[in-house]
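A.B. asks: here is the input, now give the coordinates:
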Amino acid sequence: MISKIDSSSSFLTIIYSSIFLVITQILLVKLSPQFFSLFNPLPYLIIGLILRYKDLVSSTILSFLLINILNFFFPERIIRDEFIVFQLVISLIIIIFFGALNFGQEKNISLSKIIPFLNLFLLSILIILYFTLFQNIDQTEVRMFFQKLLNEINNTYGIKENKEIENIFNVLLLLLPSINCLVFLVSYSFNLMIAKFFVRKNNFKESIILNFEDFFTPLWFTMIYIVFFITSLILNSTSQIWIISINSLICMSFCYLIEGFNLFNNSIKKIKINIYIKFIIIFLLFLFLGYVLLLVILIIGYLENFKKLKNK
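C.D. replies: Here you go, the predicted model:
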């Protein structure tokens, strides 16, 4: 009798969670593509923190199927194909992410070991995609965009054409995969913060406890990072290994960003103001300072990691 009740409860949970995912995805798309790309992981993270892992997987798969079914029956597609592909990628990331976290929780493995492995796993996929896909993609439109941007800067500030600036833009083009990857990881973490806040504020029971306050990047990860750093200094920028090394450095910097953000967040916590105001301050800082703030937090993360490794 108990097993039947549990089975029925699990089934209803999956149905309601799937409907919740479908509705939020449609709302985000209708609001704007930018909202969809930024906050797409948020509903998945919310149910991922609440549901059992197998219910999360079932809900994720069912919601993806429901959206495709709705698209099939409606004359005007509710969600365009490119958004469905993006949703599929997010779904896979969610399943892998919470799968690793649940495995770590069962085996009592800390986040300081899980997150670096996930980072390297993502880096491996990035390298594979670089060799199999990115190199074969026609980059004409991207180059034209950069060239147009460069011409506008030259015309606005009266700067003469400079080969060095063009070379910088060419290098930036090579770094786009890892830059996009790092931006995604940062936005994913931001969504995770909102999801945790939402779940705790509404008194939901968390199926998995995430605590990044004691996170530190392990020595083996730092050693790999240093190898890539030295390689990027030694080799020429035209070398394929240099491209892989510099992209790896950018992607792997995420772990140090976590350490830097922890220190930054602890400093904010010491300021005795309302928690909502603190959240708004952090959001506005990231919104207006952007990459400058990320760079500062990254440097803080390096220093914090060095201090922790030295103490250990």
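
A.B. asks: next, name the residue at the spatial heart of the protein.
C.D. replies: Centroid check for the chain by C-alpha atoms, centre = their mean gives residue 185 as the closest residue, at 2.0 Å.

A.B. asks: give me the pLDDT for the nearest residue to that one once chain neighbours are set aside.
C.D. replies: Closest residue to residue 185 apart from its sequence neighbours, by C-beta to C-beta, 6 or more residues apart in numbering: residue 254 at 4.7 Å. Every C-beta, even on glycine, is put in place using the N, C-alpha and C of the backbone. Note for residue 254: predicted pLDDT of 93.

A.B. asks: circling back to that earlier point, the residue nearest to the centre of the chain: which element?
C.D. replies: Per DSSP states H and E, residue 185 falls inside helix 163-201.

A.B. asks: one more: residue 67?
C.D. replies: In this assignment (DSSP H and E), residue 67 forms part of helix 53-73.

A.B. asks: sorry, back to before: any idea how far residue 55 is from the residue nearest to the centre of the chain?
C.D. replies: Shown here: residue 185 relative to residue 55, a distance of 26 Å by C-beta to C-beta, to the nearest Å.

A.B. asks: one more: residue 304?
C.D. replies: From residue 304 across to residue 55, the span is 37 Å (C-beta to C-beta).

A.B. asks: again with residue 256
C.D. replies: For residue 256, the distance to residue 55 - C-beta to C-beta - is 34 Å.

A.B. asks: the more surrounded of the two?
C.D. replies: Legend: neighbour count by other C-beta atoms under 10 Å for residue 256 and residue 55, higher for residue 256 (24 against 19).

A.B. asks: surely that one meets residue 303?
C.D. replies: No: with contact defined as C-beta atoms under 8 Å, residue 256 does not reach residue 303; the gap is 9.4 Å.

A.B. asks: I'd like the average pLDDT over the helix holding residue 185.
C.D. replies: For helix 163-201, the per-residue pLDDT averages 82.

A.B. asks: list the buried ones in that helix?
C.D. replies: The neighbour-count check on helix 163-201 (16 or more other C-beta atoms under 10 Å) flags 174, 177-178, 181-182, 184-196, 198-199 as buried.

A.B. asks: helices or strands up against the next helix or strand after it?
C.D. replies: With elements assigned by DSSP H and E, the helix or strand that comes after helix 163-201 is helix 219-234. Other helices and strands packing on helix 219-234, by 3 or more C-beta pairs under 8 Å, 6 or more residues apart in numbering; DSSP states H and E, are helix 111-132, helix 240-269, helix 291-311.

A.B. asks: returning to that earlier point: which residues touch the residue nearest to residue 185?
C.D. replies: By C-beta atoms under 8 Å, 6 or more residues apart in numbering, the residues touching residue 254 are 119, 182, 185-186.

A.B. asks: any idea how far residue 86 is from it?
C.D. replies: Applying C-beta to C-beta, the value for residue 254 to residue 86 is 20 Å.

A.B. asks: any chance of JSON lines for the helices and strands packed on helix 219-234, columns distance to residue 59?
C.D. replies: Converted to JSON lines, the helices and strands packed on helix 219-234 look like this (distance: least, C-beta to C-beta, whole Å):
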{"stretch": "helix 111-132", "distance to residue 59": "21"}
{"stretch": "helix 240-269", "distance to residue 59": "27"}
{"stretch": "helix 291-311", "distance to residue 59": "33"}
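
A.B. asks: most tightly packed of those helices?
C.D. replies: helix 240-269 (a mean of 19; mean count of other C-beta atoms under 10 Å).

A.B. asks: quick one: it to chain centroid distance?
C.D. replies: Distance of helix 240-269 from the chain centroid (C-alpha atoms, centre = their mean, to the nearest Å) equals 12 Å.
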